[in-house]
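Student: Next input, structure requested:
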Amino acid sequence: MALQPDIVARVSLYPADKGGRQKPIPPIRFGCPFFFEGEGFDCRLLLDQAGVSLEPGDTVEVPIKFVHPELVKPRLQSGARFTLWEAGDFADGEVLKVVA
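Tutor: Numbers count the residues shown, from 1 in each chain. Below is the predicted model of the structure:
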């Protein structure tokens, strides 16, 4: 079953030598904390829906689903900046669209 994304964002994975992941993220639903304005929110990168993997150093557009969208979605708008965390920041991004 396809999840309805809450936002579409441009995500840039840091290169491995700059603190990013050592391995790519395959085209799956990948869960990680989404940090916005100093707060963390559990999210899923819907790479399976985008049909892309995320290689270290890559920038891709990806739909994102929040576990509790009511906590963060009303605060987001196009252009909002965020970071993704997994034992440290490994990517940053920009909201392109908030899905109604």
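Student: Now do the same contact list for P15.
Tutor: P56, G57 (Cβ atoms under 8 Å, 6 or more residues apart in numbering). Glycine gets a C-beta too; all of them are placed from N, C-alpha and C.
Student: And it, how far from L76?
Tutor: Per Cβ to Cβ, to the nearest Å, P15 is found 27 Å from L76.
Student: starting at the chain centroid, how far to the helix or strand of the chain with the lowest mean pLDDT?
Tutor: Least confident element among the helices and strands of the chain, by mean pLDDT, DSSP states H and E: helix 47-50 (a mean of 94). Centroid separation for helix 47-50 versus its chain: 12 Å, with Cα atoms, centre = their mean, to the nearest Å.
Student: Show me what that helix is packed up against.
Tutor: Applying 3 or more Cβ pairs under 8 Å, 6 or more residues apart in numbering; DSSP states H and E, we find helix 47-50 packed against strand 29-36, strand 59-66.
Student: which strands and helices sit next to the biggest strand by length in the chain?
Tutor: In the chain, with assignment by DSSP state E, the single longest strand is strand 89-98. With contacts taken as 3+ Cβ pairs under 8 Å, 6+ apart, strand 89-98 sits against strand 7-13, strand 81-85.
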